[in-house]
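**Student:** Got a sequence here, can you model it:
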Amino acid sequence: MLDMRFVREHPDEVKENIKKKFQDQKLPLVDEVIALDAENRAAITEASELRAQRNQLSKQVGMLMGQAKKDPSKLEEAEAVKAQVKANADRLAELEQKETELEQKIHKIMLQIPQIIDPSVPIGPDDSANVEVQRFGEPVVPDFEIPYHTQIMESFHGIDLDAAGRVSGSGFYYLLGDIARLHEAVLAYGRDFMIDKGFTYCIPPFMIHGNVVEGVMSQTDMDAMMYKIEGEDLYLIGTSEHSMIGRFIDQILPEGDLPLTLTSYSPCFRKEKGAHGIEERGIYRIHQFEKQEMIVVCRPEESMDWYEKLWKLSVELFRSMDIPVRQLECCSGDLADLKVKSCDIEAWSPRQQKYFEVCSCSNLGDAQARRLKIRIKGADGKTYLAHTLNNTCVAPPRMLIAFLENNLQADGTVKIPAVLRPYMGGKELLIPDRR
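**Tutor:** Okay, the predicted model is just below:
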């Protein structure tokens, strides 16, 4: 969310940013919110003048009433001033109501105007214009056929989609045996990897209030993702970023305590509305999964450095498990409205012979901090808005797909990289159940 003063003083820049994001339907919102802001500021000015007059008139009434005891002619003058006080009070009540209504309208529009993107962001209408920056590891296409990921799991009796469908519907799964253990091993390894990098491990609330949801994401994303608890002001989180950033709502953070570097575990719940392709069956796109996340709250001048550090941590993590990856820069049209800059880390799929998203790293600038009023107190005593960033550490459903495909061998066994063996009871190999 932008600062209203910035929108008022730089309308052309705001409109140009909207065009870069290919959201031309939002262009009228800029002039509309500026007009509402002018009306609101006029109401505030008039209300302030009336409050000042009220104090003066009240004193005048008291003086005239005192004089009326000696001079009855002053009584009529006092009554006239009282009438003026009443009229001013009525007008003040109207203005205060008007201010409330205008502020609500302004807030609603400001939530829809996208954050100013970083100049380095490539311009394009959608994810087809995202730009590959670099690759890490050699993508290999083996000389044997790689089954679909659910077939690999079934060879270990490691998944039951049919039972999940009967119990919960589509988009859910049971993981069993070595596959379930591998799932937890990846999460535990991701947790310890981040702790070793100096991040503080956290387990946050898995439900949050509506005002926090509004603070951390756009309305469009909220409608497409979030599950609401019926009859309560609570939403199931779609990622731990939501409650982790929400932790700092209305807080003033001492500058000396920054940056805050956190890694959080949570289950995640998503509606996943829309039609999805055949490659997004199985456990690729689901309603419930678990994830280890990276969160940073820092000073504005540090956020781009942290952005670079975060996505590189993803690369290091995946390469430690022998999974080739690439960094894909997200174009302007593929950025959510709160994001300043974002990239995906995509893992190599030997079966599809292409890359697919496994991590998303984002710098949100001061967008979430402005909405949630997360401020930093500097050495001079002045406060300013923090910057927030997030990045996926590991999300095992998709990560498991990449892991199984890249570590599958011709005989159907799956190699366990050295970094995961302590979490798998020392196993070096997963062997299919041939029964």
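
**Student:** Tell me where the model's unsure across this structure.
**Tutor:** For the chain, applying pLDDT under 70 flags the ranges 55, 58-82, 273-281, 434-435.

**Student:** Please enumerate the helices of it.
**Tutor:** Applying DSSP state H to the chain gives helices spanning 4-9, 11-20, 27-68, 73-110, 149-155, 161-167, 177-196, 210-216, 219-225, 240-246, 303-319, 367-372, 396-407.

**Student:** in the fifth one, what's buried?
**Tutor:** Within helix 149-155, the residues that count as buried by 16 or more other CB atoms under 10 Å are 149, 150, 152, 153, 154, 155. Glycine gets a C-beta too; all of them are placed from N, C-alpha and C.

**Student:** Stretch 231-239 too?
**Tutor:** Residues of stretch 231-239 classed as buried by neighbour count (16+ other CB under 10 Å): 234, 235, 236, 237, 238, 239.

**Student:** what's the span of it, first residue to last?
**Tutor:** From the first residue to the last, stretch 231-239 extends over 22 Å; the measure is CA to CA, to the nearest Å.

**Student:** buried residues in stretch 134-143?
**Tutor:** So stretch 134-143, judged by 16+ other CB under 10 Å, has buried residues 136, 137, 139.

**Student:** Okay, and which of those map to strands?
**Tutor:** With strands identified by DSSP state E, the entries of these that belong to them are residue 136.

**Student:** Out of the helices of the chain, flag the one nearest residue 268.
**Tutor:** helix 240-246 (7.4 Å; CB to CB).

**Student:** got the buried residues for the closest one?
**Tutor:** Residues of helix 240-246 classed as buried: 240, 241, 242, 243, 244, 245, 246 (neighbour count, 16+ other CB under 10 Å).

**Student:** if we can go back for a sec, and of the helices of the chain, who's closest to residue 252?
**Tutor:** Once these are compared by CB to CB, helix 367-372 is nearest, at 11.2 Å.

**Student:** Show me the contact partners of that closest one.
**Tutor:** Counting contacts by CB atoms under 8 Å, 6 or more residues apart in numbering, the residues outside helix 367-372 that touch it are 1-3, 111, 115, 212, 214-216, 245-246, 248-250, 338-340, 374-375, 385-388.

**Student:** Only whichever of those residues are buried, select them in ChimeraX.
**Tutor:** In ChimeraX, this line selects whichever of the contacts of helix 367-372 come out buried by 16+ other CB under 10 Å:
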select :1,2,115,212,214,215,216,245,246,248,249,338,339,340,374,375,385,386,387,388
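
**Student:** so residue 195 touches residue 262, yeah?
**Tutor:** No - in this structure, residue 195 is not within contact of residue 262 by CB atoms under 8 Å, at 10.7 Å.

**Student:** between these two, who's got more neighbours?
**Tutor:** Set residue 195 next to residue 262 and count neighbours by other CB atoms under 10 Å: residue 262 wins out with 22 against 12.

**Student:** ok, that one - contacts?
**Tutor:** Applying CB under 8 Å, 6+ apart, we find residue 262 in contact with 199, 200, 201, 202, 244, 294, 295, 296, 297.

**Student:** Around the third one, how many other residues sit close by?
**Tutor:** Meaning residue 201. 13.

**Student:** partner residues bridging it?
**Tutor:** Taking DSSP bridges, one finds residue 263 as the beta-bridge partners of residue 201.

**Student:** Against residue 191, how distant is it?
**Tutor:** According to CB to CB, to the nearest Å, residue 201 stands 6 Å off from residue 191.

**Student:** Now for the two: what residues contact both?
**Tutor:** Counting by CB under 8 Å, 6+ apart, the residues touching both residue 201 and residue 191 are 263, 265.

**Student:** Based on its surroundings, how many neighbours for residue 88?
**Tutor:** Residue 88 has 16 neighbouring residues, counting by other CB under 10 Å.

**Student:** If you could redo that for residue 328, that was the one I meant.
**Tutor:** Residues within reach of residue 328, counting by other CB under 10 Å, total 21.

**Student:** Wait, it touches residue 347, no?
**Tutor:** No - counting by CB under 8 Å, residue 328 sits too far from residue 347 to count as a contact (11.2 Å).

**Student:** For residue 194, list the residues it contacts.
**Tutor:** Contact analysis of residue 194 by CB under 8 Å, 6+ apart lists 201, 263, 292, 294, 313, 393.

**Student:** Would you mind checking these for buried ones?
**Tutor:** Buried among the contacts of residue 194 (16+ other CB under 10 Å): 263, 292, 294, 313, 393.

**Student:** Next, format those as JSON lines and append distance to residue 428.
**Tutor:** Output for these, formatted as JSON lines (distance: CB to CB, whole Å):
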{"residue": "263", "distance to residue 428": "27"}
{"residue": "292", "distance to residue 428": "24"}
{"residue": "294", "distance to residue 428": "29"}
{"residue": "313", "distance to residue 428": "26"}
{"residue": "393", "distance to residue 428": "24"}
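
**Student:** so which two of the residues you listed are the farthest from each other?
**Tutor:** Once CB to CB is applied, those give 292 and 313 as the farthest pair, at 11.3 Å.

**Student:** Identify the contacts common to the two.
**Tutor:** Contact with both residue 292 and residue 313 is made by residues 194, 393, according to CB under 8 Å, 6+ apart.

**Student:** picking up where we left off before, closest one of the contacts of residue 194 to residue 44?
**Tutor:** Of all these, residue 294 has the smallest distance to residue 44: 41.6 Å, by CB to CB.
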